[in-house]
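Colleague: here is the input, now give the coordinates:
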Amino acid sequence: MEMKKINAGKLRAIGYDARERVLRVEFDDGTAIDHTGVGNELWRRFSTSGAAWSFYRDNIEEEFAGRKGRVKPQGKPSGLDDLFKGTEGD
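Modeller: Residues are numbered from 1 along each chain as shown. The predicted structure follows:
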């Protein structure tokens, strides 16, 4: 699922799987919720909303079943881990 980074309220990223009708929202605390049964039109309105946090709270949060999880770190480490590896306790 491709995620769209946003900065709206507690939201940090949103994504949608049209085939499975699953909307994923990722929060600033590292948690994520997958909401099932979300239609394409609602996703379109949500993803283009100028007030995504309010839209989420008003139209999605309580209306669609959700499964909580944690956001998995993606991508390559920043390089600082390699730079400072083995320096603890030196």
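
Colleague: not counting sequence-adjacent ones, nearest residue to the residue most central in space within the chain?
Modeller: Centrality entry for the chain: nearest residue to the mean C-alpha point is residue 26, 2.3 Å, by C-alpha atoms, centre = their mean. Nearest residue to residue 26 in three dimensions, chain neighbours excluded: residue 13, at 4.1 Å (C-beta to C-beta, 6 or more residues apart in numbering). Yep, even glycine has a C-beta here, placed from its N, CA and C like the rest.

Colleague: isn't the one you found up against residue 7?
Modeller: No - Residue 13 is beyond contact range of residue 7, at 9.6 Å (criterion: C-beta atoms under 8 Å).

Colleague: tell me which of these two has more neighbours.
Modeller: More neighbours surround residue 13 than the other of residue 13 and residue 7, with 17 against 11 (other C-beta atoms under 10 Å).

Colleague: can you pull the contacts of that one?
Modeller: 3, 4, 5, 6, 24, 25, 26, 71 (C-beta atoms under 8 Å, 6 or more residues apart in numbering).

Colleague: residues touching the last one, list them.
Modeller: Just to be clear, that refers to residue 71. With contact set as C-beta under 8 Å, 6+ apart, residue 71 has these partners: 13, 26, 30, 31, 32.

Colleague: the spatially closest residue to residue 17 that is not a sequence neighbour: neighbour count?
Modeller: Counting by C-beta to C-beta, 6+ apart, residue 17 lies nearest to residue 1, which is 5.0 Å off, once chain neighbours are set aside. Neighbours of residue 1 under the rule other C-beta under 10 Å: 12.

Colleague: what ranges do the strands span in the chain?
Modeller: Secondary structure of the chain by DSSP state E: the strands cover 3-8, 11-17, 22-27, 31-36, 66-70.

Colleague: go through those and pick out the most buried.
Modeller: Compared across the strands of the chain, strand 22-27 shows the largest average neighbour count, a mean of 21 (mean count of other C-beta atoms under 10 Å).

Colleague: contacting residues around that one?
Modeller: The contact list for strand 22-27 (C-beta under 8 Å, 6+ apart) reads 1, 3, 10-17, 32-36, 38, 42-43, 46, 56, 60, 64, 71.
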